[in-house]
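*Asks:* Got a sequence here, can you build the structure:
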Amino acid sequence: MSSPRDQLLQTLAEATSQQPERIKLAEVQLKQWEVVPEFYITLLEIINDKSVDVNIRFFGVIFFKNGVDKYWRKTAKSTINPEEKAKIRSQLLSFMDESHNQLATQSAVLVSKIARIDFPNEWPDLLQNLLSIIHSTMNVNSATLIQKRAILTLHLVVKALCSKTFGPDRKMFEQIAPELLRNVASIYVEHTNRFFNMISTSNDIVNATDLETSLIALKSIRRLIVHGFQDISKVDETKAFFVLAFDHLQKFYTLRNSFQDTSSPIFELLDSKVNLIGKFYIELQKLRPISFIMTPGSRDVIHYYWQLLVMHKMATQPYGTEKILIQALLLLKGIIRKSSYNQDIKESEDLRISDAMKILEEQILTQSFVESFAELLISSYLILRKEDLVMWEEDPEGWVNFDEIDHWEYQIRPCAEKVFTDLITQCRDLLSPKILKLLENAALTQSDNLLVKDAIYCAVGLGSHELYDVLDFDSWLVNNLLIEAANNDPRQDWIDYIFIRVDEWDFDSDGFVPYLDRAITLLTRLIGEVEQFESRLKILNCLSLIVERMDSQIAPFSEKITNLLPTLWQVAQSEYLFKPAILVILTKLVQALWEQSVNLHEFIIPIIQYSVSPNTEEHVYLLEDGLDLWLAILENTVECTPLLFNLVPAAIGLLEFGSETLKRVLRIIESYILLVPEMIVQSYSIPIMDAFTRLFGDLRPEACRAIIYVIDVTLQACPFGLLKESIISTGLLGKLLNTIISVNEENPYVLVSYVSILARIIINDPVFFLHFITIASKQYNIQQEDLLKKVLETWLDKFDNIGHPKQRKLSAMAFATLIATTNSTILGFLAQFIGVWCDVLSEVKESGGGDALVYWQEEYVGKNEIDDSDASPETKRKRALLQRDPIHTTNLIHYINLKIGECEALNGGPEMFRQKYLSRVDNTLLDQLKGLMNV
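*Replies:* Below you'll find the predicted structure:
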């Protein structure tokens, strides 16, 4: 029989074959073996064995890397045992002389993954071992490859360690950073000096090893300084490297620009070096802005990048300079954002923030610099380039849509726009007069300077929030922009303008009515003319906003919009963002049309059915907006058409999804119950109550309360006789009862809502309630009296948790309903019931009809009370339901009197009742009740 190593080697060979059946069998076998002890150490031995085929070894290291994620942590299921881990760590650094680059890189990644988990507790000597390998090979020509692999591994380990953000991990990284920096910086300096010495003695760069090695070392240094030191301005090593990096930046940039062959690996390394130093300064300024300003040499760095922007204007950029200029813009953007300096106080308690701000304002952001920077941005970096104009000419829709994509950190003109926005925000008082002067001059500009005029207009748009009180935008629009656009095709700008004006917070819908027909006509025509999806989406969103803001005034024009939508829905098959936009505009149309929206049912309801069906591919994109549209249809209809009623099973099915969509689905079911209560209960009572029963216990308290609210509405809207079977047969009532009497502590917030359901049931049919208690007592195998006593004790104990006067009155009415009996267990709680009645009667002064203003204030699930400004059909249904609610129609004093009278009659008359039950009640409590009831 072959050894485990040979078996694993054979299986790995099968996994790297080109035959799918063999690969599948091998993957199954590896899956079984990966949890077996000694599997990973055996796999590592194969990976490090250079006699094995390199494809097998590469597959092995990838498999091992994935296994670390699954089985290396101590808390993982089937974790690798400590002894095997120790063996693995002892062999992990054996790949340093690996000649295959991809395999060596993946091995280094494997080391970094394990280091992130095990360093420093389980692998304390890792960094020292790596540094020892690097230093021992520093001046050994034959060991160049080993040194390169070790430096790469060290870089990946540092990268992994600085990605740990918890407090102790961050502190640990700051502790190791100084020593590591000294070592890695010495490596960087050694190789960089070798490279400069080489090019000083030869015009040709024949060996890039030193350049490549120093680049990897620089990556480690960047992370060590940025993440490993709280204040680099106070540490000699970081201050020295800050200055050294600037010196190297200038040298490498000059060398890079003098290099003729821009496609060679040498040029790419030089370019990477310049970009990496820039990234170092940008990250340092972003995370440690005060330290950056206070570090000697920072003003030189800022000035250098400023000079690059001045030297290399848009028309004079050397090959590949755009990325460096973007870095210059990003660095200056960070410098001018003064708010970041206040956020940086956490760096150290004694940071000299006032000194930093003084340097910033007096030496960097001077008036002359700010004005020059604004002029430079407008004249050179906001201006349209040749490629912009070509794209604009060939594909205007595509150009506008591309221009609006949020990629500003990677494109120079969008980046310049962001920088200009920050500049005018921070220096508004300085720049506002200058921008206005440029705008005045632009009005006189001839056609040969249209690009400059466009850049000025762009600057005005970017600074509009800062210029609003010094520039009359409406006048400028009418007297300048519209005139200039008269001979052009201003479609995209026109859409943007309409959107902005309609979206204003003080938008006057009445004032827009004269333009509404024209706007709708042009937009609906334009959506058929444009070709790109992004353009159609923009127009549709503009239409949607108009519908929302115009509300009922859109009704005469709704047909123009709805005629568009079926075709748009059909052509949007592959555009997942477009169909939600159609659902949104339909929702707004329905809300604007109210009862008239019934005419849209035939078109809308199949769309709703498609959108909410879990069987459609687009379900995940359409569900939420589909539910909103469904709810809007229900809220604004006066009849439940067959098409609309046929959607009910879909709502019940969606209850199973729970969580994110549950609230919307519950509101939909509530709307159906308000619309056609008896139809819903007769057809779907059992599946709805069954779904509610399964949901209880697995949801947050707020979700449980939302379900209870729908049950409460059902009990009010439907004849109770139609509900009796479903609330018992589905186990709903049993689950509520079990929660109420359970010994574990249920959230009082939820428990209060549960007893309100019992109160509704008792008021509707106290005999049914006692019948249910009898059934439940048999299931619990206890006496009926004991179960009833437990329920009432819990209810009374939690009564003080009931906050809303409506719900407190509901319980008081339920207790009054219960006493119309001869049941001694219930009447044994008479004193507690009287205490509740006294509390409730003393809190609220009811009208003769039993209503009170306080009963109409605040509800516990959404906006369920009536807003007089809202007159939708569902609002009217809610008002009617509430006006029928016994809470609003029953005078509590009269009701208690009535039930006490019934109780006296059932228990031998007033005198017998007094002797048998009232005599047990404290006279003070009885006197209080009589006083409150004016008896």
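*Asks:* and stretch 726-736, how far out from the chain's middle?
*Replies:* From the chain centre to the centre of stretch 726-736 is a distance of 38 Å (Cα atoms, centre = their mean, to the nearest Å).
*Asks:* And it, what's buried?
*Replies:* By neighbour count with 16 or more other Cβ atoms under 10 Å, stretch 726-736 contains the buried residues 726-728, 730-736. C-betas here are computed from N, CA, C, even on glycine.
*Asks:* Straight-line length of that stretch, end to end?
*Replies:* Taking Cα to Cα, to the nearest Å, the first and last residues of stretch 726-736 lie 14 Å apart.
*Asks:* Could you pull up the residues touching the residue nearest the centre of the chain?
*Replies:* Using Cα atoms, centre = their mean, the residue of the chain that lies closest to the mean C-alpha position is Glu660, 13.1 Å off. By Cβ atoms under 8 Å, 6 or more residues apart in numbering, the residues touching Glu660 are Glu624.
*Asks:* which element is it on?
*Replies:* Assigned by DSSP states H and E, Glu660 belongs to helix 659-675.
*Asks:* Just the angle for whatever helix or strand comes next after that helix relative to helix 659-675, thanks.
*Replies:* Next in sequence after helix 659-675, counting helices and strands by DSSP H and E, comes helix 677-695. Going by axes from the mean of the first three to the mean of the last three Cα atoms, to 10 degrees, helix 677-695 is angled at 160 degrees with respect to helix 659-675.
*Asks:* Show me what the following helix or strand past helix 677-695 is packed up against.
*Replies:* Downstream of helix 677-695, the first helix or strand assigned by DSSP H and E is helix 701-717. Secondary-structure packing of helix 701-717 (3 or more Cβ pairs under 8 Å, 6 or more residues apart in numbering; DSSP states H and E): helix 659-675, helix 677-695, helix 748-764, helix 873-884.
*Asks:* Let me know the angle separating the third one from helix 701-717.
*Replies:* When the same axes, to 10 degrees is applied, the directions of helix 748-764 and helix 701-717 differ by 10 degrees.
*Asks:* Let's see helix 748-764 as CSV, backbone CA atoms only.
*Replies:* The C-alpha coordinates for helix 748-764 follow below in CSV (Å, rounded to 0.1, in the frame of the first residue of the first chain):
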residue,chain,number,x,y,z
PRO,A,748,-42.2,43.3,28.3
TYR,A,749,-42.7,45.4,25.2
VAL,A,750,-43.9,42.2,23.4
LEU,A,751,-45.8,40.7,26.3
VAL,A,752,-48.0,43.8,26.6
SER,A,753,-49.0,43.4,23.0
TYR,A,754,-49.8,39.7,23.5
VAL,A,755,-52.3,40.4,26.3
SER,A,756,-54.0,43.1,24.2
ILE,A,757,-55.0,40.3,21.8
LEU,A,758,-56.4,38.3,24.7
ALA,A,759,-58.3,41.4,25.8
ARG,A,760,-59.8,41.8,22.3
ILE,A,761,-60.9,38.1,22.3
ILE,A,762,-62.4,38.4,25.8
ILE,A,763,-64.4,41.5,24.9
ASN,A,764,-65.6,39.8,21.7
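*Asks:* and it, what other elements does it pack with?
*Replies:* Under the contact criterion of 3+ Cβ pairs under 8 Å, 6+ apart, helix 748-764 touches helix 701-717, helix 732-741, helix 766-780, helix 784-797, helix 805-818.
*Asks:* For that helix, buried residues please.
*Replies:* So for helix 748-764, counting by 16+ other Cβ under 10 Å, buried means 750-764.
*Asks:* Low-confidence stretches in the stretch 251-400 of the chain?
*Replies:* Scanning the stretch 251-400 of the chain for pLDDT under 70 picks out 313-320, 338-352, 392-400.
*Asks:* repeat that for 50
*Replies:* 315, 345-351 (pLDDT under 50).
*Asks:* what about the helices in it?
*Replies:* Under the criterion DSSP state H, counting those that start in this stretch, helices of the stretch 251-400 of the chain are mapped to 265-287, 289-294, 298-311, 322-336, 339-343, 353-359, 367-376, 386-394, 396-403.
*Asks:* Need phi/psi at Thr75.
*Replies:* Main-chain torsions, Thr75, degrees, to the nearest 10: phi -80, psi 0.
*Asks:* rewinding a little: tell me which of the helices and strands packed on helix 701-717 sits nearest to Gln426.
*Replies:* Proximity of these to Gln426 was assessed by Cβ to Cβ; the nearest stretch is helix 659-675, lying at 40.3 Å.
*Asks:* can you give me the angle that closest one makes with helix 873-884?
*Replies:* 70 degrees.
*Asks:* Tell me the buried residues in helix 659-675?
*Replies:* Burial within helix 659-675, assessed by neighbour count using 16+ other Cβ under 10 Å, is assigned to 661-662, 664-675.
*Asks:* name the helices or strands packed onto the longest helix anywhere in the chain?
*Replies:* If you go by DSSP state H, the chain has its longest helix at helix 167-201. Secondary-structure packing of helix 167-201 (3+ Cβ pairs under 8 Å, 6+ apart): helix 126-136, helix 144-162, helix 209-228, helix 236-258.
*Asks:* Serialize the ones you listed to a markdown table and add fields for mean neighbour count.
*Replies:* Output for the helices and strands packed on helix 167-201, formatted as a markdown table (neighbours: other Cβ atoms under 10 Å):
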| stretch | mean neighbour count |
| --- | --- |
| helix 126-136 | 18 |
| helix 144-162 | 22 |
| helix 209-228 | 22 |
| helix 236-258 | 17 |
